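Trainee: turn this into a structure:
(2 chains)
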2 protein chains.
Amino acid sequence: MFFKMTDVAQPSSPDLARVKQTVQESYDAFKGRGLRLDLTRGKPSSAQLDLSAELLSLPGLADYVAEGATDCRNYGGLQGLAEARRLFSGIMGAEPEQVVVANNSSLGLMHDTAVYSLLKGTCDSAAPWSKQGEIAVLCPVPGYDRHFTICKEYGIRMIQVALKEDGPDMDQVERLLAQDASIKAMWCVPKYSNPTGTVYSDAVIERLAAMKTAAPDFRLYWDNAYAVHHLTSENIEIANVIELCVRHGHPNRPFVFASTSKITLPGAGLAMFAASKDNVKWLLARLTPRTIGPDKINQLRHVRFLKNEAGILQLMGKHRALIAPKFQKVLDIFDEKLADVPNVTWTRPKGGYFISLDVPKGCAQRVVALAKEAGIELTPAGATHPYGKDPDDRTIRIAPTFPELAEVTQAAEGVALCVLLATAEKFPAHWSVRSSSSPT
Amino acid sequence: MFFKMTDVAQPSSPDLARVKQTVQESYDAFKGRGLRLDLTRGKPSSAQLDLSAELLSLPGLADYVAEGATDCRNYGGLQGLAEARRLFSGIMGAEPEQVVVANNSSLGLMHDTAVYSLLKGTCDSAAPWSKQGEIAVLCPVPGYDRHFTICKEYGIRMIQVALKEDGPDMDQVERLLAQDASIKAMWCVPKYSNPTGTVYSDAVIERLAAMKTAAPDFRLYWDNAYAVHHLTSENIEIANVIELCVRHGHPNRPFVFASTSKITLPGAGLAMFAASKDNVKWLLARLTPRTIGPDKINQLRHVRFLKNEAGILQLMGKHRALIAPKFQKVLDIFDEKLADVPNVTWTRPKGGYFISLDVPKGCAQRVVALAKEAGIELTPAGATHPYGKDPDDRTIRIAPTFPELAEVTQAAEGVALCVLLATAEKFPAHWSVRSSSSPT
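Mentor: Numbering: from 1, shown residues only, chains lettered A, B, ... in the order given. Below is the predicted model:
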């Protein structure tokens, strides 16, 4: 069914026209199937959610007392249940007393810590960020669109830095931070990064911990969203940013975030924050005017269900069994259909929720538009970059977890076809440089 | 056991000394019992929480699909489930599409709408509140300490206005708002107000809806925390502020808040916001960078448990049966022990969670300190006023719901004793003006 760029070598004009027409016909045929496929968001599938079905009837009629005779039904407990903080302590890389367990959104915690920093300043700020003139945040790209949206909402300037194989371009990061005191924070998804799957190397994390920053109240927004979200048996571990920052004399630098959104239930999970004791004290002081406490019943429910870190890892093994084949299917199809297309590359993540597909410059928006026409929803091109603008119009985020495997297969084939068609439209010359077989 | 002021008429000096000594001895005896009683916060008792025990195993293993085929386990649904918005529509006095159902804290919603107004402005603001110079908020007193804490946290000036029998002193409110564009909001607990139990009259609510405000982006923070929290069979209803504001041409004026904290479980309930469609659109736009959505499973759980507004009212009847006797006991004891003490008065709320006790000027802190010494925790004197400062040092908030009835009885007797002792210490002359019987 599929046409490959490699199929035509130096075709004459009629050949080229025929090749393009074949791709177009394949695309039209795909479109004609009237599929409705969605690869937009990193959402667990229904089968994944079934893994946590027990949560729907926990903690049970008579189970509401937590440690310290805490009645989880009533008010209070701003920092979260002691047993919940212990449960996530290992994942957060911090002592339980350095952990805050909140409601269902780690994005909310990131947003709120940014808002508190804007209105009140961090515990190291001479003044609120909003009173320090224009401030900026470093954004490794490609990155997570919702991080960028927070900055956009509050007029925080976003400075792009390149994300390399082993993490952000540290030469660039160090140079910028050493000289520019207006840069107050940096977004980091240090493990199985969204969308590239990048894992920060120990050396990069050590440099992030050790580097000089012109701003004394600089913060690493360490969104460890995929801490235990392995796709292979490698179970990659990264360096502990909290410990390294202590060792290098910057104990208050990292704000570590995580959640159970992709461990248990995205709509009804728990979000966690971990940091130095001064940062935790600061956050609790900021939370005090906002709320009397988080939903402790949901915390108890999670403690009962997950039990301990081993329980979490066991559950994550079941997730992997469900989603790793979907990632593999996308990679197999891309390998088959796109391997020889010039300037088309994609990542092979060992964890997380995304594959990042790079198409030839200037083609990403067209691919997304073609896919949409053919019934495949993709994240808007540009979403992986600040202000929604990918200057090269290259990067497309593929989220294969939500649809069933058969749909993932169809969608990946459709996307490959859109890449071929967009490339053919944009760079007809490319079609003339490859092997000798005819299109089929 | 108790001594009454009315017991001594024009005593000679030896009499007066004897009277004071009797009160002191009663107080010392009370203190000697080593009780630990807590009347600080408006918390439901354990028996009240038992009324919602079913929530602890709902929605159940296989129940997670809400209207519109919404999988409550997954991401999304920023405004809250359609059936949850319908469930609370009547209580909020707004159409379901004007209601936002959020996580477990209405205080969080109040805080966040204030923060968004500060950083972004309301939908009627020419600039963010934080860019409009010093801003102020009207605070009817006595009022709710956590409202004042939000203002204090963000440096919002608090202007006191008197709370009268039928609501805020509207002459004062209208005069201030007409002339001062820096006043951006007003805290209102319109029904069974915290701590006085005041119910705003229809006339007051109409004036709040109709009044001119110098600030075009003025907001009523309408904390209808006790909408269905009746203590008598009167089931008082107040005027619909949203409708009245529409009628008077100020549709965006009210932000209405409520929660199920004192309907189901304070630690694990739902918070609601209702307002004009423009305000809702504004709030959802502000929430978008913060979170992908609220805990929909908890919303479904509440829908399954409460079913409909009749279900809520039925449940509230059970709460009333548990707590009305506690209020009555406090009132009975105050009636018995304090009826004739000059300048001591208290409210007789028909709903809500508090009795407000006014003691002679300059005595409230002393009463709270005496109570603490005797093992009774009271809300700090002054908490009912902005900045924690009651200029008259008069008002004490009594929260009788949490302790068991026997403890409420002990605590009320102890408080009465502390009032007598503080008054005796401060105003010995008072002890000479009343009836003729001897102290017993």
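
Trainee: name the SS class of A:F30, please.
Mentor: helix (DSSP: H, G, I helix; E, B strand; the rest coil).

Trainee: so what's it up against?
Mentor: Going by Cβ atoms under 8 Å, 6 or more residues apart in numbering or on different chains, A:F30 touches A:374, A:413-414, A:417. Yep, even glycine has a C-beta here, placed from its N, CA and C like the rest.

Trainee: buried ones in the lowest-mean-pLDDT helix or strand in chain A?
Mentor: Least confident helix or strand of chain A, by mean pLDDT, DSSP states H and E, is helix A:13-32 with a mean of 84. Across helix A:13-32, burial judged by 16 or more other Cβ atoms under 10 Å in any protein chain shown covers A:15-16, A:19-20, A:22-24, A:26-27, A:30-31.

Trainee: do stretch A:324-340 as well
Mentor: For stretch A:324-340, by 16+ other Cβ under 10 Å, it's A:324, A:326-327, A:329-331, A:333-334, A:337-338.

Trainee: same check on stretch A:226-234?
Mentor: A:226-231.

Trainee: cool, and stretch A:154-172?
Mentor: Buried residues in stretch A:154-172 (16+ other Cβ under 10 Å): A:154, A:156, A:158-161, A:163-164, A:167-170, A:172.

Trainee: please apply the same query to stretch A:299-311.
Mentor: Buried residues in stretch A:299-311 (16+ other Cβ under 10 Å): A:299-303, A:305-306.

Trainee: for that stretch, what does the pLDDT average out to?
Mentor: Stretch A:299-311 shows a mean pLDDT of 98.

Trainee: just stretch A:43-61 next, same as before
Mentor: Averaged across stretch A:43-61, pLDDT comes to 97.

Trainee: any idea how far it is from the chain center?
Mentor: Relative to its parent chain, stretch A:43-61 has a centroid offset of 22 Å by Cα atoms, centre = their mean, to the nearest Å.

Trainee: kindly format the C-alpha coordinates of that stretch as CSV.
Mentor: Only the C-alpha atoms of stretch A:43-61 are listed here, as CSV (Å, rounded to 0.1, in the frame of the first residue of the first chain):
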residue,chain,number,x,y,z
LYS,A,43,-3.3,9.9,27.9
PRO,A,44,-3.4,6.4,29.4
SER,A,45,-5.7,4.0,27.6
SER,A,46,-8.8,2.5,29.1
ALA,A,47,-7.0,-0.8,29.7
GLN,A,48,-4.3,1.1,31.6
LEU,A,49,-6.9,2.7,33.8
ASP,A,50,-8.5,-0.7,34.5
LEU,A,51,-5.2,-1.6,36.3
SER,A,52,-6.3,0.8,39.0
ALA,A,53,-9.9,-0.2,39.2
GLU,A,54,-9.6,-1.0,42.9
LEU,A,55,-9.2,2.7,43.6
LEU,A,56,-12.9,3.1,42.7
SER,A,57,-14.1,1.3,45.8
LEU,A,58,-11.2,2.2,48.2
PRO,A,59,-10.6,3.0,51.0
GLY,A,60,-13.9,1.2,51.9
LEU,A,61,-16.7,2.0,54.3
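
Trainee: re the thing from before, most neighbours among the contacts of A:F30, which one is it?
Mentor: A:L417 (28 neighbours; other Cβ atoms under 10 Å in any protein chain shown).

Trainee: give the buried residues for the helix or strand encompassing that residue.
Mentor: Using DSSP states H and E, the element containing A:L417 is helix A:405-426. Buried residues in helix A:405-426, counted by 16+ other Cβ under 10 Å: A:405, A:407-424.

Trainee: contacting residues around the spatially closest residue to A:T264 that is not a sequence neighbour?
Mentor: Closest residue to A:T264 apart from its sequence neighbours, by Cβ to Cβ, 6 or more residues apart in numbering or on different chains: A:S52 at 4.3 Å. For A:S52, the contact set (Cβ under 8 Å, 6+ apart) comprises A:264-265, A:305, A:315, B:73.

Trainee: and if you look at A:D112?
Mentor: By Cβ under 8 Å, 6+ apart, the neighbours of A:D112 are A:286-287, A:290, B:290.

Trainee: now swap in A:I376 and tell me
Mentor: So A:I376 contacts A:35, A:37-39, A:411, A:414-415, A:418 (Cβ under 8 Å, 6+ apart).

Trainee: need the residues you listed in a markdown table (columns: distance to chain B).
Mentor: A markdown table is the format used below for the contacts of A:I376 (distance: Cβ to the nearest Cβ, whole Å):
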| residue | distance to chain B |
| --- | --- |
| A:L35 | 18 |
| A:L37 | 17 |
| A:D38 | 12 |
| A:L39 | 15 |
| A:A411 | 18 |
| A:G414 | 23 |
| A:V415 | 22 |
| A:C418 | 25 |
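
Trainee: and A:G388, how far is that from B:G90?
Mentor: 41 Å (Cβ to Cβ, to the nearest Å).

Trainee: would you list every one of the strands in the stretch 1-150 of chain A?
Mentor: According to DSSP state E, counting those that start in this stretch, the stretch 1-150 of chain A carries its strands in the segments A:37-38, A:65-66, A:70-71, A:99-101, A:136-141.

Trainee: out of those strands, which one sits most buried?
Mentor: Counting by mean count of other Cβ atoms under 10 Å in any protein chain shown, strand A:99-101 has the highest mean neighbour count of these, with a mean of 27.

Trainee: OK, contacts around the nearest residue to A:V137 once chain neighbours are set aside?
Mentor: Leaving aside its chain neighbours, A:V137 sits nearest to A:A185 (4.7 Å; criterion: Cβ to Cβ, 6+ apart). For A:A185, the contact set (Cβ under 8 Å, 6+ apart) comprises A:114, A:117, A:137-138, A:218-221.

Trainee: all helices for the stretch 101-250 of chain A, in order.
Mentor: A:106-119, A:145-153, A:170-179, A:202-210, A:241-247 (DSSP state H, counting those that start in this stretch).

Trainee: next, give phi and psi for A:A271.
Mentor: phi -110, psi 150 (degrees, to the nearest 10).

Trainee: count the residues that sit near it.
Mentor: 24.

Trainee: was I right about it contacting A:M110?
Mentor: No. With contact defined as Cβ atoms under 8 Å, A:A271 and A:M110 do not form a contacting pair (9.1 Å).
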